[in-house]
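> turn this into a structure:
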Amino acid sequence: MTLMTTLHTLATDPDLHVLAAGDPIVPKYSPELPDAVNTQVKTILSWTAGLGLAAAVGGGLLGWLLVAVGHNSERAQLAARGKQSVLWSLFGAGGIGVTSSLVLAFYNMAK
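Residues are numbered from 1 along each chain as shown. Here you go, the predicted model:
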């Protein structure tokens with residue numbers, strides 16, 4: 001019985017007919033951050049991505065250094081660790097690049 005009462009109330013509500021006449025039910029609202037906050041957030045996201053990629057490049061260079069020292073000093077284990085660190089720095093750089101691109105893309109969708 002409650003459903004019927006609710007439907008009757010909705011059907012006889014005068015405001016419902018005004019909304020049905022052409023006014024949107026959901027008001028048009030575009031969420032935006034203030035410019036002072038927006039530029040700071042973009043700066044933080046850009047610096048984080050840049051520093052992460054720089055650290056991945058540094059890790060790759062150190063890995064190649066380990067490979068060179070390991071091969072020249074006949075330490076196979078050191079060279080193997082260097083090769084692994086080069087691969088992991090490549091995976092890390094790829095992950096940082098993809099993640100930062102996705103975060104910035106979703107962040108800019110709100111505009």
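> mind jotting down where the helices sit in this structure?
Listed in chain order, the helices of the chain (DSSP state H) span 2-12, 14-20, 35-72, 76-108.
> least confident of those helices, on average?
Least confident of those, judged by mean pLDDT, is helix 14-20 with a mean of 56.
> coming back round to it: can you redo the helices of the chain as JSON lines with mean neighbour count?
All C-beta atoms are positioned from the backbone trio N, CA, C, and that covers glycine. Listed next are those as JSON lines, based on neighbours: other CB atoms under 10 Å:
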{"stretch": "helix 2-12", "mean neighbour count": "9"}
{"stretch": "helix 14-20", "mean neighbour count": "10"}
{"stretch": "helix 35-72", "mean neighbour count": "14"}
{"stretch": "helix 76-108", "mean neighbour count": "14"}
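> from the chain's centroid, how far away is stretch 71-84?
Computed by CA atoms, centre = their mean, to the nearest Å, the separation of stretch 71-84 from the middle of its chain amounts to 36 Å.
> residues touching it, excluding its own?
Judged by CB atoms under 8 Å, 6 or more residues apart in numbering, the contacts made with stretch 71-84 from elsewhere in the structure are 62-70.
> now swap in stretch 96-111 and tell me
Under the contact criterion CB under 8 Å, 6+ apart, stretch 96-111 has outside partners 31-33, 41-42, 45, 48-49, 52-53, 56.
> got TSV for the residues you listed, with distance to N108 too?
Conversion of those to TSV gives the following (distance: CB to CB, whole Å):
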residue	distance to N108
P31	13
E32	11
L33	11
V41	11
K42	9
L45	10
T48	16
A49	14
G52	19
L53	19
A56	24
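> and those residues, which is closest to L7?
Distance to L7, by CB to CB, is smallest for P31 among the contacts of stretch 96-111, at 33.3 Å.
> grab the nearest non-local neighbour of A49.
The shortest distance from A49 to any residue that is not its chain neighbour, by CB to CB, 6 or more residues apart in numbering, is 3.5 Å, and that residue is S100.
> tell me how far the one you found lies from L78.
Distance check for S100 against L78: by CB to CB, to the nearest Å, it reads 32 Å.
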